[in-house]
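[1] Sequence plus the predicted model coming up.
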Amino acid sequence: MKKKLRKKLIKKRKIKYLKISSKHIFKIFKLLRNKYKKTKVIGGYIPINYEYDCSSLLKFLEKKNYTICLPVIKNNYKMNFFKFSFKDPFKINKLGIIEPTNLTNKLIPELIFVPMVGYDKNLNRLGYGGGFYDRYFEKNLKLKKIIKIGLAFSFQRTNKIPIDKFDKKIDEIITEKKI
């Protein structure tokens with residue numbers, strides 16, 4: 001059921017993809033500044049496959065002196081986050097995902113922007129099916145609180161995401177229409 005829903009939503013995202021405006025990026029920044037005042041280490045991603053593009057937001061946050069980090073995929077469907085600057089070199093991994101090349105500064109972000117294939121009103125997230133983020137949260141939420149903000153387009157919302165015991169809910173969802 002998840003596989004079929006995932007395929008349908010990815011196809012829909014490709015057709016209906018939207019570019020995120022700079023005004024919207026500033027609204028997200030205001031949310032961070034007002035609601036998550038003490039947050040300084042932000043985990044993000046560089047989009048693939050028509051995902052909600054947060055790279056401009058991450059560049060903006062870097063200019064505002066936030067520490068940015070990106071995931072690096074490891075074996076066994078695991079990942080870690082490493083400090084990244086848009087001035088740094090990067091590589092593209094076997095899944096087509098941009099990763100930092102400097103792996104000396106491993107971080108646990110205080111807030112992570114999470115890409116999504118789909119979501120529902122109960123803050124359940126549908127990803128690509130590898131479980132990378134769920135495994136990361138399972139391991140690292142034991143060490144510290146991490147705010148999980150899903151980024152998606154409003155048309156990616158579905159009535160119900162099928163979940164299992166390994167799936168982790170998102171704390172908030174930001175779309176192009178609602179912050």
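    Sure, I can see it.

[2] Give me the pLDDT for Lys19.
    pLDDT for Lys19: 89.

[3] Give the next helix or strand downstream of the host helix or strand of Ile42.
    Assigned by DSSP states H and E, Ile42 belongs to strand 41-43. Next in sequence after strand 41-43, counting helices and strands by DSSP H and E, comes helix 55-63.

[4] hmm, back to that, for the strand holding Ile42, name the packing helices and strands.
    Applying 3 or more Cβ pairs under 8 Å, 6 or more residues apart in numbering; DSSP states H and E, one finds that strand 41-43 contacts strand 67-73, strand 111-115. All C-beta atoms are positioned from the backbone trio N, CA, C, and that covers glycine.

[5] How much space separates Ile20 from Ser85?
    As for Ile20, its distance to Ser85 is 21 Å (criterion: Cβ to Cβ, to the nearest Å).

[6] When those two are compared, which one has more neighbours?
    The residue with more neighbours, out of Ile20 and Ser85, is Ile20; 19 against 14, by other Cβ atoms under 10 Å.

[7] Please name the residues that touch that one.
    Residues in contact with Ile20 (Cβ atoms under 8 Å, 6 or more residues apart in numbering) are Tyr52, Asp53, Cys54, Ser56, Leu57, Glu176.

[8] one more time with 6 Å, if that's ok
    Asp53 (Cβ atoms under 6 Å, 6 or more residues apart in numbering).

[9] where do the strands sit along this structure?
    41-43, 67-73, 79-83, 90-92, 98-100, 106-107, 111-115, 118-119, 125-126, 147-151, 172-174 (DSSP state E).

[10] Which strands or helices does the last one pack on?
    Meaning strand 172-174. Judged by 3 or more Cβ pairs under 6 Å, 6 or more residues apart in numbering; DSSP states H and E, strand 172-174 is in contact with strand 147-151.

[11] Wait, Leu103 touches Phe84, no?
    No: Leu103 lies out of contact with Phe84 (Cβ atoms under 6 Å); the separation is 10.5 Å.

[12] more crowded one of these two?
    Phe84 (26 against 11).

[13] Tell me which of the helices and strands packed on strand 41-43 sits most buried.
    Mean neighbour count (mean count of other Cβ atoms under 10 Å) peaks for strand 111-115 among the helices and strands packed on strand 41-43, with a mean of 23.

[14] Brilliant, that's me finished.
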